[in-house]
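[1] predicted model, plus sequence, below.
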Amino acid sequence: MAQVRDVAERAGVSPATVSNALNHPQRVSERTLAKVHAAIEELGYVRNDAARQLRAGFNPAVGLIVLDAANPYFTDVAGGAEQHLRDLGRPLLLGNSSQESDREVTYLNLFEQQRVAGILIAPVGNVLPRLRKLKSNGIPVVIIDRKAGADELSSVSVDDERGGWLAADHLISQGATRIAVVGGPEGLRQVRNRLRGAQQRVRQCAEAAVEYIATSAMDAAAGRTATEALLSREAKQRPDAVFATNDLVALGVLQVLVRSGISVPQDILLAGYDDIEFAANATIPITSIRQPAAEMGEHAAQLLQRAIEDPASPVQHTVFQPELIIRESTQA
């Protein structure tokens, strides 16, 4: 690949002049600028920003680590963050932990090695000590999708207990008495909070009961597997409502119910969480708890930018409120 010295030789100028033309064009005459750009075009020169940033000890990019890049919810979160950061001239680097702690740590190490300006993260493991160390080393961090368990780190989240409560309340209002909460390991805080909210609402109704069906993942395949297990029971032991802890799980639940001849919502009510586009466009549109994903991503990026500009800026915990979106899957 062409180097700066090659461009300088072709343009008949010094390497320092080429550097000025690229980084401080106001210091170079228009005639010289034209010669340098012509040489760049002829040689196909591409500047090495990585090397330049390494020399400067600064990288304008921001790292984002999500739980599941295949989930459209996190795509929307990333889109909101990317829009704000792009306006600031900051590239967004995406890492997918796939709900694996080891992969999460690998991305944290990589972003630290790249000397990113800051990190946004939807954590899966107990990484608070690692995040504190990053901050102490000059890399600010904002936690997304759950409230930070540490006062020194800002966070953007949704009140998931309230979301679980809303889902259970709606199912009970539609006549449900046996609610199955399906999806995700209970160790994942978002799942635990949604389950807790549903349990709190069910305790207020003497006729209702709730059970939790754990899955190792939060995708459609997990929803299908859990539903097949539920349908293997005798009819009187099956739930009359399913609250899936995200919409991908709900889609898997719906697939098995429809394939098995179970009528939704007449036989089993179904509600999900996140309100991704697929939920609204399913064969039977799925009731869901909406999270303002793009708005959360944008707000997290704003908090991070503030911390980048002023490391002494106050920590802030922003908690958005979920919203019940009613569709055909619960309109019995």
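    Received the coordinates, thanks.

[2] and Ile144, what is it in contact with?
    Residues in contact with Ile144 (C-beta atoms under 8 Å, 6 or more residues apart in numbering) are Val77, Leu120, Ile121, Ala122, Ser155, Val156, Ser157, Met296, Gly297, Ala300. (C-beta placed from N, C-alpha, C; glycine too.)

[3] in strands only, show me those residues.
    Residues of these located in strands (DSSP state E): Leu120, Ile121, Ser155, Val156, Ser157.

[4] tell me the domain ranges of the protein?
    What automatic domain parsing lists as the domains of the chain is 4-47, 60-157+293-320, 160-291+325-330.

[5] hey, least reliable of these by pLDDT?
    Mean pLDDT is lowest for domain 4-47 out of these, coming in at a mean of 89.

[6] re earlier: can you tell me which of the domains of the chain is most buried?
    Most buried of the domains of the chain, by mean neighbour count (mean count of other C-beta atoms under 10 Å): domain 160-291+325-330, with a mean of 21.

[7] measure that one end to end?
    Using C-alpha to C-alpha, to the nearest Å, the end-to-end distance of domain 160-291+325-330 comes out at 20 Å.

[8] okay, the contacts of Ile144 in JSON lines with distance to Val253 next?
    Below are these laid out as JSON lines (distance: C-beta to C-beta, whole Å):
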{"residue": "Val77", "distance to Val253": "24"}
{"residue": "Leu120", "distance to Val253": "30"}
{"residue": "Ile121", "distance to Val253": "29"}
{"residue": "Ala122", "distance to Val253": "23"}
{"residue": "Ser155", "distance to Val253": "30"}
{"residue": "Val156", "distance to Val253": "29"}
{"residue": "Ser157", "distance to Val253": "25"}
{"residue": "Met296", "distance to Val253": "25"}
{"residue": "Gly297", "distance to Val253": "27"}
{"residue": "Ala300", "distance to Val253": "30"}
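
[9] what ranges do the strands span in the stretch 1-150 of the chain?
    Secondary structure of the stretch 1-150 of the chain, counting by DSSP state E, counting those that start in this stretch: strands at 62-66, 92-96, 118-121, 141-144.

[10] helix, strand, or coil at the closest residue to Val191 other than its chain neighbours?
    Sequence neighbours aside, Gly184 is the residue nearest to Val191 in space, at 3.7 Å (criterion: C-beta to C-beta, 6 or more residues apart in numbering). The three-state label given to Gly184 by DSSP: H, G, I helix; E, B strand; the rest coil is coil.

[11] got a list of what Gly184 touches?
    Counting by C-beta under 8 Å, 6+ apart, Gly184 touches Gln190, Val191, Ala214, Thr215, Ala217, Met218, Ala222, Thr245, Asn246, Val249.

[12] so of the residues you listed, which ones are in strands?
    Using DSSP E, none of the contacts of Gly184 sit in strands.

[13] at which residues are the helices of this protein located?
    4-11, 15-23, 30-43, 49-56, 72-87, 101-113, 128-136, 160-173, 189-202, 220-231, 247-259, 277-280, 293-309 (DSSP state H).

[14] take those and lay them out in a markdown table including distance to Ala271.
    Converted to a markdown table, these look like this (distance: least, C-beta to C-beta, whole Å):
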| stretch | distance to Ala271 |
| --- | --- |
| helix 4-11 | 60 |
| helix 15-23 | 55 |
| helix 30-43 | 57 |
| helix 49-56 | 47 |
| helix 72-87 | 15 |
| helix 101-113 | 29 |
| helix 128-136 | 32 |
| helix 160-173 | 5 |
| helix 189-202 | 10 |
| helix 220-231 | 13 |
| helix 247-259 | 7 |
| helix 277-280 | 10 |
| helix 293-309 | 18 |
